[in-house]
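J.: Have a look at this prediction, sequence included:
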Amino acid sequence: MTFTRRTAMAWAMGTVAAVFALSDAMAQDQPPIRIGSITTLEGPFATGGQDAYRAMEMAFEAIDYTVGGREIQWIRESSNATPDVALARARKLIEQDEVDIIIGPLSGAEGIALRDYSRTLTGRTIINGSSGAADTTLRDPSSNFFRFNTEGTQWMAGLGTYAYEEMDSRHVALVAADYAFPYAQVFGFMHEYCELGGAVTKLWSPLNTTDFSSIIAQFPSDIDAVLLIQGGTDALAFLTQYAEVGGDLPIIGGSITADQTLLSARGPHQRLMEGMVAAGPIADLNEDPNWQDFVARYRERWGSEGFDSPSIHAVNYYTNTIAVLQALEEVGGDLSDDQAAFQAALAEIEFTAPTGANVRLDSNRQAISDIFLTRIVNDGGTMRTEAFGRTPDVTQTLGMDTEEFLALGSPSRDNPDCPPAL
Amino acid sequence: MIMMSTRQWALTGLGVAILMVLPLLLHNFWLVNIMGRAMVYGVVALSLTFLAHYGGFISLAQTMVAGIAGYAVAMMAPTAIPLSTMAMPYALAIPLAVLAATLAGALVGLIAVNTREIYLLMITLALAVGFSLFAQSNITWFRGYEGIRNIVGPEVFGLPFRTPMVFYYSALIVAVLMYLLVLYVVRTPFGLVLQAIRDSNRRTAAIGFNVALHRIAAFALAGFIAGWGGVLITFYNIGITPSSIGLWATVAVLIMAVIGGLGHPLGAFIGALIYALMDTFASTIIGHDRFNTLIGLVFLSIVLLSPDGVWGIGERLKATLQGKGSKPAVEEAAGNETADRGS
């Protein structure tokens, strides 16, 4: 046989075709699992959103983007913390990018919007990122929406009891921002505190208040402590003004009060801030080896690009992501039959979050996990939060029967209420 | 009777025919989340274009008015979570919601009746922001920050509203009807008086027309149009929250109207389409870190290259191709003047 140019060409074409056919067959054998994610890379929570993606990247890198023998393709989207945008992104991920699973979003109202969207889907699953509105899983839950992080009401577990029993406080003044998230936090605190017999004088302020002098002027004379459920610059403004008028009552914080804005700012508020107790799902300093290991890996991977210590959003996204990966591993990457096996595995798994907290789900697919009592300490010149107590297995209904808990009503300005006796 | 030349009728008919058969060609995602979304937001932008081009009123309250229809339909919707005490069938809730938006539009017109230009802009902006903050802080009616959810819309021929075909054709019908309504109204005596007010309100008053009444009626009509958009947007978003009517949403509608071109009702839909495309695909093109920069640059270059938006580019091209440019150039100048006054 003469090896003409034509035969050479034919051979080449044949080889190419065979290679394509082969790789095609291999690809069809194990198509990649497509995971979409939504977080907030625009607007007020942008830095939290970036940190969330750092943590997700760590979770995927740890398994080399392979689970149950299948490759993972990760498609990232960004929202601006509004539900309409989160929904538009979710639709793009599901309908255009054809992802199997969405992990996200970051903020409360977005979570509710995606839960509603998940109801219209079959064979797809949405796993929460970091959003913490109670109703996302408490009322009218959706069968394919899962949340492995705890929410605002759960985060206050143990704090009311600590304030009453350890701090001996009987009457606190509540200084809180007037919207849904603080309502949930206040509910969690007062649920325990009022039950024990404590009294609360509520002083609400609009979000982004800069002048708290009228609020400070309204403090009753017999209060033992101030419960401060504010975040960011609002908390800083209050503490600065309270310190300037010579206030010296102990401060009890909410889960987002002791954030980086407050901890890294310098000024008169630092005097009040040191020793401030709070409760929440994470603390910067936590002796649990899981946390030590996670922080070490985070610092090694991200160096100066990341935060000094992983943020709450990083921890929540990471917790939800490893839940997905563990469930996928258990079912060997099997997403057939409208993801029935995968969703069943998700509902059943139990694992340890990077904070060392044990995580499992209730019947509404909401996390039951541990909550830490924290306090602010001066760690060699840097203010940090330190865990000093742990409330294990906090449920969304705070240990109550679901029906009984729902009968208490939604958290609001007036619910619950335990004013001081006149 | 809508006054259009045979050629214009033919073009409109052709456009609608193409949109009618699009479901055969397009993937569901494009059908609903690009075309459908562009049409429902385009209707709100259309109400702004109508006010701006024919009345000379740049109102920033149109998103708020659409939001009033959205909140109204959500409060009355039989599927709402939590269900309100005044729940009723969608067949009743939708017209009532549009009526509420029409009244709200008239109210905005009444409040702003004596203001022009920058003062009109400020007063409508204040109303829009005020309403959004009110909705955010009111729990009893507006359900605060979390809004009213699960507004899935009515069933049409036994199919849920979110079925791509149902949503697409509903949006198309509403968009086309509102578009034709605007074209019709501007040729009626009412519409002509409105344009006279735009050109000189004193002269119009001197002839004996009641300028204030005409202005209020124009805002009411714009409210009616925006109301339909608001109802469909609420179904599209499966609910409504204060952020749906906040500052960003208000600015988004203004951007749609301006980049599309305030010179013609069609500009609103062109702008909404460009906005939907950019909003959806910018992060795919440039990555999720810098996509807002790309969106901003595209909008900026459209407005820099053509102060009267994409529609204006088309008009100018047409004038150049015709080689005469006498008549279109005059129209264009008039359009420019309106746009300048508004900006």
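T.: Arrived safely.

J.: Mind telling me which residue is nearest the centre of the chain?
T.: Because you didn't say which chain, this covers chain A. residue A:130 (3.1 Å; CA atoms, centre = their mean).

J.: wait, I meant chain B there
T.: In chain B, the residue lying closest to the centroid (CA atoms, centre = their mean) is residue B:44, at 1.8 Å.

J.: that older thread, tell me the contacts of the residue nearest to the centre of chain A?
T.: Residue A:130 sits next to A:39, A:48, A:52, A:105, A:106, A:107, A:149, A:312, A:313, A:316, A:317, A:320 when contact means CB atoms under 8 Å, 6 or more residues apart in numbering or on different chains. Every C-beta, even on glycine, is put in place using the N, C-alpha and C of the backbone.

J.: Name the nearest residue to the residue nearest to the centre of chain B, ignoring sequence neighbours.
T.: Spatial nearest neighbour of residue B:44, chain neighbours left out: residue B:229 (3.8 Å); criterion: CB to CB, 6 or more residues apart in numbering or on different chains.

J.: where does the stretch 151-300 of chain A dip in pLDDT?
T.: Scanning the stretch 151-300 of chain A for pLDDT under 70 picks out nothing.

J.: Check the model's average confidence along the host helix or strand of the residue nearest to the centre of chain B for me.
T.: In this assignment (DSSP states H and E), residue B:44 forms part of helix B:37-49. Predicted confidence along helix B:37-49 averages 95 (mean pLDDT).

J.: The residue nearest to the centre of chain B reaches residue B:227, doesn't it?
T.: No: contact between residue B:44 and residue B:227 fails when scored by CB atoms under 8 Å: they sit 9.2 Å apart.

J.: list residues touching both of the two?
T.: Common contacts of residue B:44 and residue B:227 (CB under 8 Å, 6+ apart): residue B:66.

J.: all helices in the stretch 151-300 of chain B, in order from the N-terminus.
T.: Taking DSSP state H, counting those that start in this stretch as the test, the helices found in the stretch 151-300 of chain B are B:164-185, B:189-199, B:201-207, B:211-236, B:247-260, B:265-286, B:291-305.

J.: hang on, the earlier thing: need the contact list for the residue nearest to residue B:44.
T.: B:40, B:41, B:42, B:43, B:44, B:46, B:47, B:66, B:69, B:174, B:178.

J.: just checking, the residue nearest to the centre of chain A is part of a strand?
T.: No: the secondary structure assignment for residue A:130 gives coil rather than a strand, going by DSSP: H, G, I helix; E, B strand; the rest coil.

J.: sec struct for the residue in the stretch 1-150 of chain B positioned nearest to chain A, please.
T.: Of all residues in the stretch 1-150 of chain B, residue B:29 sits closest to chain A, with a separation of 3.8 Å (CB to the nearest CB). Three-state assignment for residue B:29 (three-state DSSP): helix.

J.: didn't it look like it was pressed against residue A:95?
T.: Yes: in terms of CB under 8 Å, residue B:29 counts as a neighbour of residue A:95; the distance is 3.8 Å.

J.: what's the neighbour count on residue B:173?
T.: For residue B:173, the number of neighbouring residues by other CB atoms under 10 Å in any protein chain shown comes to 12.

J.: Could you measure from it over to residue A:326?
T.: 48 Å (CB to CB, to the nearest Å).

J.: Check the stretch 101-250 of chain B for the residue nearest chain A and tell me.
T.: Of all residues in the stretch 101-250 of chain B, residue B:243 sits closest to chain A, with a separation of 3.7 Å (CB to the nearest CB).

J.: The nearest residue to that residue once chain neighbours are set aside: what's it in contact with?
T.: Nearest-residue entry for residue B:243: residue A:82, 3.7 Å, with adjacent residues in sequence omitted and distances by CB to CB, 6+ apart. Shown in contact with residue A:82 (CB under 8 Å, 6+ apart): A:109, A:110, B:241, B:243, B:244, B:246, B:248.

J.: what residues does the stretch 201-343 of chain B put near chain A?
T.: Residues of the stretch 201-343 of chain B lying close to chain A (CB under 8 Å from any CB of the partner chain) are B:237-239, B:241, B:243-244, B:246, B:248-249, B:279-280, B:283, B:288-289, B:291-292.

J.: let's go with 7 Å and repeat that
T.: B:237, B:238, B:239, B:241, B:243, B:244, B:248, B:280, B:283, B:288, B:292 (CB under 7 Å from any CB of the partner chain).

J.: could I get those residues as TSV with pLDDT?
T.: Formatted as TSV, those follow (pLDDT from 0 to 100):
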residue	pLDDT
B:237	91
B:238	89
B:239	89
B:241	89
B:243	87
B:244	89
B:248	85
B:280	86
B:283	78
B:288	68
B:292	78
